[in-house]
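# Let's see this in three dimensions:
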Amino acid sequence: MIEMVIDARRKDLGGFDVGRILPFHARRMVGPFIFLDQMGPAEFAPGSEAINVRPHPHIGLSTLTYLFEGEIMHRDNTGAIQAVRPGEVNWMTAGKGIVHSERTTPTKRAEGGPMHGMQAWIALPGESEDCDPNFHHYAGPDLPSYENAGLFARLVAGEAYGASARVKTASPLFYVHWELAEGVRTAPPPGKGAGGYSERALYVAKGEIEVGDRTFHEGVEFRLVVPGEDRCGQG
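Numbers count the residues shown, from 1 in each chain. Purely as a prediction, here's the structure:
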C-alpha cells in the first residue's frame, strides 16, 4: 500500500540546484532520515564553478553522501579531507558540532562533466547527539552488493536482506541502491515484524518503476506502509 507521494522541490545548494524530498510538510521524517536531497543530474561545463558549498556547521546529526556520477571533495574541522566518487560513501557525524565544506575537485572543475548523487541527513538518537564529531569514508568493497538477472543492489548503509554495511549507524536503518533492468521485479526489506522496519520509502533517481498498478518517474519519493506484499519493477 502506498501512503504518500512527494514530489522533489528545487532548492539552491551553493549555486547548484538540488531536488529536496524530505522534509515535507506532511512527512517530516522517514525513520531517522530527516533530509533527503538529489544532486543533479547535471552536466558542468569545463571551467565552471560546479559545486561550491562553503564551510557551514552541523549539529546533532549524521550526513551520508552517495554518488552515481561525478566527484565531490569533503573537508571538515576534524582534519578530514576526502573525495567521494560513484559507489562510495562519505559519512560525517556532527554530534556536538562540526564545520565542513563540499566542493567539486579542481581536476573535475577544469574537466567538467556529469554530477548525480544523493545526500541524506540522519538524526542521531538522544544519547548520541553530543558525541564527538567524526568522519569516515567507505569505498565500494565496504558496501555489500548483489547482481543477478538484471537486478543490481548495493547496501549503502545499515542492514537489509541478511547483509550489513560497514557504515556504522547510531540507529537501525537501511539504505539500498537498486538498479533494475526492464521487466525485473524486486521487493523492499520487510516492514513491521521480526527484524522489520516500521517506516520505509522508495525514491526514483533515474528512469521509472511500477509499484502495484502505479508507475513512478524519476524525481518522486513515496512511502510504502505495507510493501511486504508489493513488488517493485522496471516497466
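# switch to C-alpha atoms for all contacts and neighbour counts from now on
Fine.
# so where is the chain shaky, pLDDT-wise?
1, 13-15, 191-197, 221-235 (pLDDT under 70).
# ok, now with 80
For the chain, applying pLDDT under 80 flags the ranges 1-3, 7, 11-17, 188-198, 212, 219-235.
# Show me the helices in it, by range?
106-111 (DSSP state H).
# which ones are touching the residue with the largest distance to the centre of it?
In the chain, counting by Cα atoms, centre = their mean, residue 47 sits farthest out from the average C-alpha position, at 27.5 Å. Taking Cα atoms under 8 Å, 6 or more residues apart in numbering, we find residue 47 in contact with 109, 110, 111, 112.
# Residue 12 versus the nearest residue in space to the first one that is not next to it in sequence, what's the distance?
Yep, that's residue 109 we're talking about. The shortest distance from residue 109 to any non-neighbouring residue, by Cα to Cα, 6 or more residues apart in numbering, is to residue 47 (5.5 Å). Distance of residue 47 to residue 12, given as Cα to Cα, to the nearest Å: 20 Å.
# for residue 110, same thing?
Applying Cα to Cα to residue 110 and residue 12 gives a distance of 22 Å.
# the more surrounded of those two?
residue 110 (16 against 10; other Cα atoms under 10 Å).
# list the contacts for that one?
46, 47, 48.
# With respect to residue 131, which of these is nearest?
residue 48 (37.7 Å; Cα to Cα).
# Neighbours of that closest one, how many?
Neighbours around residue 48, by other Cα under 10 Å: 13.
# Tell me how far the nearest residue to it once chain neighbours are set aside lies from residue 50.
Nearest residue to residue 48 in three dimensions, chain neighbours excluded: residue 109, at 6.1 Å (Cα to Cα, 6+ apart). Distance of residue 109 to residue 50, given as Cα to Cα: 7 Å.
# Next: residue 139.
24 Å.
# Of these two, which one has the most company?
Neighbour count, other Cα under 10 Å: between residue 139 and residue 50, residue 50 has more, with 25 against 14.
# residues contacting that one?
Taking Cα under 8 Å, 6+ apart, one finds 15, 16, 44, 103, 104, 109 in contact with residue 50.
# burial measure for the nearest residue to residue 31 once chain neighbours are set aside, as a count.
Spatially, and ignoring its direct neighbours in sequence, residue 31 is nearest to residue 199 (5.6 Å; Cα to Cα, 6+ apart). Residues near residue 199, counting by other Cα under 10 Å, number 17.
# Skip the chain neighbours and tell me the closest residue to residue 112.
residue 46 (3.9 Å).
# hang on, the earlier thing: list buried members of the contacts of residue 47 by neighbour count.
Among the contacts of residue 47, those buried by neighbour count (16 or more other Cα atoms under 10 Å) are 109, 110, 112.
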